[in-house]
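A.B. asks: Predicted model and sequence follow; I will ask about them next.
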Protein chains: 2
Amino acid sequence: MTEQQHWNAVFIATSMDGFIAGKDGDISWLDTIPIPEGTDMGYHAFMDRTDAILMGRISFETVLGFGIDWPYAKPVFVWSRRSLTIPDELQEKVFPIQGRTSEVLSQLHALGHRRLYIDGGMTIQSFMKEDLIDEMIITTIPVVLGEGISLFGELHPPTWFRCVQSKIFADAIVQSHYIKNT
Amino acid sequence: MTEQQHWNAVFIATSMDGFIAGKDGDISWLDTIPIPEGTDMGYHAFMDRTDAILMGRISFETVLGFGIDWPYAKPVFVWSRRSLTIPDELQEKVFPIQGRTSEVLSQLHALGHRRLYIDGGMTIQSFMKEDLIDEMIITTIPVVLGEGISLFGELHPPTWFRCVQSKIFADAIVQSHYIKNT
């Protein structure tokens, strides 16, 4: 039944060599290629079908540091062992969450958040390690960085997906949509 | 002029996390997904437009170790500092080559081999480091291996490409065609 459907999905950009950030956390390369006006590379369609976002503290602080309006319409849960400082204006949009992966999922499901956008390197790796990622939409920025922070860490055992769709944007960027192989 | 055209291209399969071989050199995962009869994922079309293949000693010995008929119709140059044992039946198909990257290219160009298939992890990395790869056709096997031998090593500075085409095979495998951004 559709109402019981739940999944954990990743929507992220990487370099050709699999980095989500370059040396010293540099992410300027993400925006180097001009994207035609009106193209969001599927971001809003993806967001529309998610219930909530789960990210780590580092990602949360990175987004805060952009100094832009809060970009998420869906509730954001920040997974951190440490206590979190949430700005007043985000008290109804951002929530701390703690516990092991399974406990975090139980809490989110109990709140009715079944379709989760899993974001941030460490959070994604934690979910990958427990084989809890069902879907990945990976946008490959066509640069070989040579060094940086990897999307995927060490994993055991290997995890199989299948690529169900692939699209090119701006004659340069390829986005591949992977579904967990079941 | 077309006759003066020369390029160095990579045609290789990697895991989603960028490995060309798994732990202990395991490549069994490359053939896990059944490919429909008659589909070669562009391999012969690519081979048809190459003049010669350059690979390292490890790749050469790996191919020899497959115990199959020699698979290459084009001349294969094996780049190795060490002396090479070439089986008698391959004396007219396989040739040792030595020297720095630029010297290897000069030798191959002098022989009329202008369109080169650069193969093998270390050879590709040597060419990448000197910004000598013009084209990459990367077939992504949809598995996150977690560990193995990386296609890309450390690089300075970053190298930009653009993805000009992307295709899906067997409802699972995505192949992306990158051209050097000039």
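C.D. replies: That came through, no problem. Numbering: from 1, shown residues only, chains lettered A, B, ... in the order given.
A.B. asks: which residues sit in contact with the residue nearest the centre of chain A?
C.D. replies: To find the centre residue of chain A, average its C-alpha atoms and take the closest one (C-alpha atoms, centre = their mean): that gives A:Asp119, at 2.6 Å. Going by C-beta atoms under 8 Å, 6 or more residues apart in numbering or on different chains, A:Asp119 touches A:Val10, A:Phe11, A:Ile12, A:Ile53, A:Leu54, A:Met55, A:Ser59. C-beta: built from backbone N, CA, C; applies to glycine.
A.B. asks: bridging residues for it?
C.D. replies: Listed by DSSP bridges, the beta-bridge partners for A:Asp119 are A:Met55.
A.B. asks: Retrieve the pLDDT associated with it.
C.D. replies: The pLDDT attached to A:Asp119 in the predicted structure is 97.
A.B. asks: and what of A:Gly25?
C.D. replies: Confidence at A:Gly25, expressed as pLDDT, is 88.
A.B. asks: Nearest spatial neighbour of it, chain-adjacent residues omitted?
C.D. replies: A:Ile149 (7.1 Å; C-beta to C-beta, 6 or more residues apart in numbering or on different chains).
A.B. asks: dump the residue contacts of the one you found.
C.D. replies: For A:Ile149, the contacting residues are A:Phe19, A:Ile20, A:Ala21, A:Gly22, A:Gly25, A:Gly121, taking C-beta under 8 Å, 6+ apart as the criterion.
A.B. asks: re the thing from before, could you single out the nearest of the contacts of A:Asp119 to chain B?
C.D. replies: Sorting the contacts of A:Asp119 by distance to chain B puts A:Val10 at the head of the list, at 11.1 Å, by C-beta to the nearest C-beta.
A.B. asks: Next, that closest one: phi, psi?
C.D. replies: The main-chain torsion angles of A:Val10 are listed as degrees, to the nearest 10 and equal phi -110, psi 140.
A.B. asks: Let me see the contact set for it.
C.D. replies: Taking C-beta under 8 Å, 6+ apart, one finds A:Tyr117, A:Ile118, A:Asp119, A:Ile124, A:Ile133, A:Glu135, A:Met136, A:Ile137, A:Ile138 in contact with A:Val10.
A.B. asks: 10 Å - rerun?
C.D. replies: By C-beta atoms under 10 Å, 6 or more residues apart in numbering or on different chains, the contact list for A:Val10 reads A:116-120, A:123-124, A:127-128, A:133-138, A:151, A:178.
A.B. asks: The longest strand anywhere in chain A packs against which elements?
C.D. replies: Scanning chain A for the strand with the most residues, using DSSP state E, yields strand A:159-169. The helices and strands touching strand A:159-169, judged by 3 or more C-beta pairs under 10 Å, 6 or more residues apart in numbering or on different chains; DSSP states H and E, are strand A:135-141, strand A:173-180, strand B:135-141, strand B:143-144, strand B:159-169, strand B:173-180.
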